[in-house]
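Undergrad: I'd like to go over a predicted model; first the sequence, then the structure.
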Amino acid sequence: MISLALTGSIGMGKSTVASMFADVGVPVFDADAAVRELQGQGGRLVPAIEARFPGTTRNGAVDREALSSSVLGDPDELAALEAIMHPSVHHERTRFIVAHADAPALLFDIPLLFETGGDAAFDKVIVVSAPSELQEARVLSRPGMTYEKFSHILARQTPDEEKRAGADFVVDTSGSFDETRRQVDAILACLGLKAGV
């Protein structure tokens, strides 16, 4: 089995690229989706988050805006949140691997791969990239996004050029959907994988 890590800074098109791998049959573990489930309605970590960050949950789910405001710009508070989240996300990842033990390849969509030093755990690292002006335009068009919030997120992320330098493959998403898909197909071919893996 080939373990592939997919990463890239906010607004680079990572979700689009992950869906292209899923479309050809590569099972995809989405770390952000696991977090949303753990923090969502009735999520396993909602009580622990409320206990550590009072007032950040509502109706049995984490209020992501309130939680973000509680940790934004405060490394100690962010570390406290990560100490709650990371073990459970790791557990979900292990369950995913066991469930797909017979797959020839697995893709792990991990936004903070380099930031957490996780890249060494994978056979190949794929970085999704785009020019900074396109990234900014994509992110600032999201509901509820502000330039200040975007700046805080970027400050926590390894710069794009460093990510590209640490990648085995780079997917440039500044072109058309078809151009991006061709790059994904080329990666699959290089790894000896084809549709229906």
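TA: Alright, I've got the coordinates.
Undergrad: Packing partners of the longest helix seen in the chain?
TA: In the chain, assigned by DSSP state H, the helix with the most residues is helix 75-99. Packing partners of helix 75-99 (3 or more C-beta pairs under 8 Å, 6 or more residues apart in numbering; DSSP states H and E): strand 28-30, helix 31-39, helix 46-52, helix 64-71, strand 105-109. Placement of C-beta: from N, CA and C, glycine included.
Undergrad: relative to helix 75-99, how tilted is the fourth one?
TA: The directions of helix 64-71 and helix 75-99 differ by 130 degrees, with axes from the mean of the first three to the mean of the last three C-alpha atoms, to 10 degrees as the criterion.
Undergrad: Which stretch among the helices and strands packed on helix 75-99 approaches residue 116 most closely?
TA: The closest of the helices and strands packed on helix 75-99 to residue 116 is helix 31-39. By C-beta to C-beta, the value is 10.1 Å.
Undergrad: Now do that closest one: distance to the chain's middle.
TA: Mean-position distance between helix 31-39 and its chain equals 10 Å (C-alpha atoms, centre = their mean, to the nearest Å).
Undergrad: List the buried residues for that helix?
TA: Buried residues in helix 31-39, counted by 16 or more other C-beta atoms under 10 Å: 31, 34, 35, 37, 38, 39.
Undergrad: Would you check how far apart the third one and residue 192 are?
TA: So that's residue 35. Residue 35 sits 32 Å away from residue 192, going by C-beta to C-beta, to the nearest Å.
Undergrad: Please apply the same query to residue 37.
TA: According to C-beta to C-beta, residue 37 stands 33 Å off from residue 192.
Undergrad: Then residue 167?
TA: Noted for residue 167: a distance of 19 Å to residue 192, by C-beta to C-beta.
Undergrad: which of those two has more neighbours?
TA: The residue with more neighbours, out of residue 167 and residue 192, is residue 167; 20 against 10, by other C-beta atoms under 10 Å.
Undergrad: Next, the contact list for the more buried one, please.
TA: 125, 126, 127 (C-beta atoms under 8 Å, 6 or more residues apart in numbering).
Undergrad: Now do it against residue 147, distance only.
TA: Using C-beta to C-beta, residue 167 is found at 28 Å from residue 147.
Undergrad: what does residue 17 give?
TA: 25 Å.
Undergrad: From the neighbour counts alone, determine which of the two ranks first.
TA: Between residue 17 and residue 147, residue 17 has the larger neighbour count (other C-beta under 10 Å), namely 25 against 10.
Undergrad: Relative to the whole chain's centre, how far out is the one helix or strand that one maps to?
TA: Counting by DSSP states H and E, the element that carries residue 17 is helix 14-23. Chain-centre distance of helix 14-23: 12 Å, with C-alpha atoms, centre = their mean.
Undergrad: buried set for it?
TA: 14, 15, 17, 18, 20, 21.
Undergrad: any idea which of the residues you listed is the one closest to residue 46?
TA: residue 15 (24.4 Å).
Undergrad: Lovely, talk soon.
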